[in-house]
Each structure stands twice: as structure tokens, then as C-alpha cells.
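Participant: I'll drop the sequence and a predicted model, then ask my questions.
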Amino acid sequence: MSEKTVKSIKKKVLKLEGNLSIYEAGSLRENFITSLKDVDLLEIDMTEVKECDTSGLQLLCSAKKAADQEDKQILLTGIPKAVEDAMNKTGTTQEIISQNGGTGCQR
């Protein structure tokens, strides 16, 4: 008989609404930083995101990098077409950082 040690993972879901653009980047950045402090996994639900510009993509990449440095994870869910289109236009790769087809940022 074998034993497994299971670590409890602290998770938070952050639901984004509206635009992911330069106008929201400052407040969203602070929200990401604050949300990452006390969790192992930050799920960013993007279902209600309507538009995304390069600042929004840069923000996601920055959040991913910050999470990596803290040995934490970010899971993007509900990625809308607007975000996928912005990534395709800017050449941002679609590495998987989620278990269900979320979109990540090239390291």
C-alpha cells in the first residue's frame, strides 16, 4: 500500500468584465498583484471581456511572469475571440497555461 501527500491549493477566481486595454491596465495590474498574494492559483475568468489591446496582452504576460517568479499559477478561462484576435495580430504565442485550453504568454 502506498501513501500520497496531497497539498491543499489556495485558489481565487478573478472575473474580468469590459475591456482589457491601456485604460484599465493600471487598476487591473494592482488587482492581479493583490489577488496573487494569498493564493497558489489565480483563475482569471475572461468570459465578459469585450475588447483587448496590446496593453491588455502585456498585462497578462506580466501577471504570468509575476506568478512564475512566486512559484504560483495563473489559469485563463473563458478566453473570448477579441483576446484571441489580439494575440494573433501581435504574434503572441498560445502556449497553454491552463488545463482547459487557456492562452498563455511566451516566456
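Facilitator: Perfect, thanks for sending it.
Participant: My guess is residue 56 contacts residue 23. True?
Facilitator: No: Residue 56 is not in contact with residue 23 according to CB atoms under 8 Å; the separation is 9.8 Å. The way it works is simple: take the backbone N, C-alpha and C, and place the C-beta from them, glycine included.
Participant: which of these two has more neighbours?
Facilitator: Residue environment comparison for residue 56 versus residue 23 gives the larger neighbour count to residue 56, 24 against 13, counting by other CB atoms under 10 Å.
Participant: pLDDT weak spots in this structure?
Facilitator: Per-residue confidence of the chain (counting by pLDDT under 70) places the weak regions at 1-6, 92-107.
Participant: Show me the helices in it, by range?
Facilitator: Secondary structure of the chain by DSSP state H: the helices cover 22-37, 54-69, 81-90.
Participant: Can you say which of the ones you listed is nearest to residue 47?
Facilitator: Taking CB to CB as the criterion, residue 47 comes closest to helix 81-90 out of those, the separation being 10.7 Å.
Participant: Could you list the buried residues of the closest one?
Facilitator: Taking 16 or more other CB atoms under 10 Å as the basis for neighbour counts, the residues of helix 81-90 that come out buried are 82-83, 86-87.
Participant: just stretch 47-67 next, same as before
Facilitator: The neighbour-count check on stretch 47-67 (16+ other CB under 10 Å) flags 49, 52-53, 56-60, 63-64, 66-67 as buried.
Participant: want to throw these into a markdown table with distance to residue 38?
Facilitator: Shown next, in a markdown table, are those (distance: CB to CB, whole Å):
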| residue | distance to residue 38 |
| --- | --- |
| 49 | 24 |
| 52 | 27 |
| 53 | 30 |
| 56 | 24 |
| 57 | 26 |
| 58 | 25 |
| 59 | 20 |
| 60 | 20 |
| 63 | 15 |
| 64 | 18 |
| 66 | 14 |
| 67 | 13 |
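Participant: quick revisit: can you lay out the helices of the chain as JSON lines showing distance to residue 75?
Facilitator: What follows is the helices of the chain, written out as JSON lines (distance: least, CB to CB, whole Å):
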{"stretch": "helix 22-37", "distance to residue 75": "12"}
{"stretch": "helix 54-69", "distance to residue 75": "10"}
{"stretch": "helix 81-90", "distance to residue 75": "14"}
